[in-house]
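[1] model this:
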Amino acid sequence: MIVFRDLVTGDELFSDAYPVKNFKMDCESDDCDDETFVVSCEAKMEKVMVGGGISADLIGGNPSQEEQCDDLDDSAQCKQDLNLVNNFGIKDQSDFFTSKKALASYVKKWIKNVPAKIEDENKREKFKKDCGKKLKAFIDLWQSESDVSIYTGESFDPGEAASTPMIGVWSADGMSVTMYVIKESIIEEKC
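    Below you'll find the model as predicted:
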């Protein structure tokens, strides 16, 4: 399995156990190359147990998490959240990113932290060049406040602007999210 981590903070963001794809961006610059600037990852809503109750796997059963929630007594609680939130601890930062303008302001500070962590000089220069050409298209993935949430790893500190922002675009039914993240801001780690 491959785990994708935030290049600057080291936070785990997602893994290849979820559908991960290269996302081709349209950008306004005529000299945009065809290389991938953004990757996307699919996340889905799920119910999980939060304390209390007896898990069926303790007595030899193997129901899904949702079935466990449906079958538990009243002493157990279940919550519904994205599988990436439950499994990787990423955080919805929509309280901080209240507008596209707030996201753009954060990203302008954040892109200053990333190049220092890119060890290969050619990749570092490419990142800077790509940000100049494609960053606006990344931020424009934010269409409206009702269908977008911004996620980061657990180490998010708005003052430091170190955490990689992931733009989560919700599906029409509200049961799944496509997360978009700048490819050079994450590292792949085999587990």
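
[2] walk me through the domains of this structure.
    Taking automatic domain parsing as the criterion, the chain consists of the domains 2-45+87-190, 47-84.

[3] of these, flag the one that's most buried.
    The highest mean neighbour count among the domains of the chain, using mean count of other CB atoms under 10 Å, belongs to domain 2-45+87-190: a mean of 17. C-beta: built from backbone N, CA, C; applies to glycine.

[4] need the contact list for Glu154.
    Listed by CB atoms under 8 Å, 6 or more residues apart in numbering, the contact partners of Glu154 are 11, 89-91.

[5] turn the residues you listed into CSV, columns for pLDDT, distance to Pro115 and secondary structure.
    As requested, those are arranged in CSV below (pLDDT from 0 to 100; distance: CB to CB, whole Å; DSSP: H, G, I helix; E, B strand; the rest coil):
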residue, pLDDT, distance to Pro115, secondary structure
Asp11, 96, 19, coil
Gly89, 90, 26, coil
Ile90, 95, 23, coil
Lys91, 95, 24, strand
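
[6] what's the closest of these to Met45?
    Met45 lies nearest to Ile90 out of these, by CB to CB, at 14.2 Å.

[7] was I right about the closest one contacting Ile150?
    No. The pair Ile90 and Ile150 does not pass the contact test of CB atoms under 8 Å, sitting 10.4 Å apart.

[8] between those two, which contacts overlap?
    Listed contacts common to Ile90 and Ile150 are Met166; contacts here mean CB under 8 Å, 6+ apart.

[9] which residues of this protein fall in helices?
    For the chain, helices defined by DSSP state H occupy the ranges 65-71, 83-88, 100-110, 121-139.

[10] among those helices, which is nearest Ser146?
    The nearest among those, by CB to CB, is helix 100-110 at 12.7 Å.

[11] show me what that closest one is packed against.
    The helices and strands touching helix 100-110, judged by 3 or more CB pairs under 8 Å, 6 or more residues apart in numbering; DSSP states H and E, are helix 121-139.

[12] what is the helix it packs on packed up against?
    Other helices and strands packing on helix 121-139, by 3+ CB pairs under 8 Å, 6+ apart, are helix 100-110, strand 176-182.

[13] list the neighbouring strands of the shortest one plus their orientation.
    If I follow you right, that is strand 176-182. Paired neighbours of strand 176-182 in the sheet (DSSP bridges): strand 38-50 (antiparallel), strand 166-170 (antiparallel).

[14] contacts for it?
    Residues from elsewhere that reach strand 176-182 (CB under 8 Å, 6+ apart): 4, 13-14, 23, 37-45, 82, 84, 131, 138, 141, 149, 151, 164-171.
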